[in-house]
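> structure for the following, please:
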Amino acid sequence: MSVEIVNFNFLAPIQVKMSDLDPFNHVNNGDQCHYFDYGRSCYFEHVLQQKIDWLTFDLVLVHIDLDFHQGIEFHDEIVCGTKVLEIGNKSFKMVQQLIDKNTGKVKTTCHSVLCGFDRENQSSIPIQELYRKRLCNFEGL
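Residues are numbered from 1 along each chain as shown. Here you go, the predicted model:
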């Protein structure tokens, strides 16, 4: 299976830790989800130009799927590329990749959907216009 190479406007460095490794000496699949969470958090703070308070932030992850292309090993220098692909009224689609900084090889690809979320009413809401504007400007959408 060929891996789609995505052109990212944002990359976050990832620190691989010994505790992330599984018995095959690769980063555990679950730990890779944490890498994507970290990359997404850094992306939002960069693009929205504000520190994110995750107790009040009005976006929530509603879908995620991952394709594991190659194992990540302890000494690999990894970056997490993050990009918004498409924005709707209440949700948007993202793609992320864990990439070996030295070889350019994509190790893992993540597709996700986030939606606007009213925490008090536990219901979906439209994406804030400020978010939409900054995401579109950053990604050229």
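> quick one, longest strand in the chain?
strand 106-118 (DSSP state E).
> how far does it sit from the chain's center?
What separates the centre of strand 106-118 from the centre of its chain is 6 Å, taken as CA atoms, centre = their mean, to the nearest Å.
> pLDDT below threshold where in this protein?
1 (pLDDT under 70).
> follow-up on the earlier one: the longest strand of the chain packs against which elements?
helix 29-48, strand 59-68, strand 91-100, strand 123-125 (3 or more CB pairs under 8 Å, 6 or more residues apart in numbering; DSSP states H and E). C-beta here means a position set from N, CA and C on the backbone, and glycine is covered the same way.
> for the very next helix or strand once past the second one, which outside residues touch it?
Meaning strand 59-68. Downstream of strand 59-68, the next assigned helix or strand under DSSP states H and E is strand 78-87. With CB atoms under 8 Å, 6 or more residues apart in numbering as the test, strand 78-87 has contacts from 6-14, 16, 35-36, 38-40, 42-43, 72, 92-101, 107, 127, 132, 135-136, 138-139, 141.
> okay, the helices and strands packed on strand 106-118, which one's buried deepest?
Of all the helices and strands packed on strand 106-118, strand 91-100 has the most neighbours on average by mean count of other CB atoms under 10 Å, namely a mean of 21.
> nearest residue to residue 94 in space, please, no chain neighbours.
residue 112 (4.9 Å; CB to CB, 6 or more residues apart in numbering).
> the one you found: neighbour count?
Residue 112 has 20 neighbouring residues, counting by other CB atoms under 10 Å.
> so who does residue 10 touch?
Contacts of residue 10 (CB under 8 Å, 6+ apart): 42, 43, 46, 47, 81, 82, 83, 138.
> give the contact list for the residue at minimal distance from the centre of the chain.
By CA atoms, centre = their mean, the chain has its centre lying nearest to residue 40, at 3.8 Å. Residue 40 makes contact with 61, 82, 94, 96, 112 under the criterion CB under 8 Å, 6+ apart.
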